[in-house]
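# Here is my input, please return the structure:
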Amino acid sequence: MIYRLYSADRRAGSPIGETEMPSNFAALDWAQSWLREQSGSERYSIASEDGSFGATFVRTAGGQWYAIGQDPG
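Sure thing, here's the model as predicted:
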């Protein structure tokens, strides 16, 4: 399945990254790796191409990233 990474809210514009992954867990791992290396903001979101999966990533004051599940609707 194809997953897309967005800055802030997935409804806010074009994806900043895209990959094909075999599972939601693999997509979250890819996104966290991308964020550790290239992030310039405090909030990102990831969504599957078919809309069945989504999560928001939030960076804490300590620099850690947390994924919070989103309602796919």
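
# so the residue nearest the centre of the chain is in which element?
Geometric centre of the chain, nearest residue: Ile46, 2.8 Å, by C-alpha atoms, centre = their mean. Using DSSP states H and E, Ile46 sits within strand 43-48.

# likewise Ser33?
Ser33 belongs to helix 24-38, assigned by DSSP H and E.

# Just want the angle from that helix to strand 43-48.
Helix 24-38 and strand 43-48 are oriented at 150 degrees to each other (axes from the mean of the first three to the mean of the last three C-alpha atoms, to 10 degrees).

# Buried residues, helix 24-38. List them.
24, 27-28, 30-32, 34-35 (16 or more other C-beta atoms under 10 Å). Where you see a C-beta, it was placed from the backbone N, CA and C, and this is true even at glycine.

# Quickly list what Glu18 is bridged to.
For Glu18, the beta-bridge partners are Arg4 (DSSP bridges).

# neighbours around it, how many?
Counted with other C-beta atoms under 10 Å, residues neighbouring Glu18 total 11.

# Low-confidence regions, this protein specifically.
Confidence mapping of the chain against pLDDT under 70 gives the ranges 9-12, 72-73.

# one more time with 80
8-13, 71-73 (pLDDT under 80).
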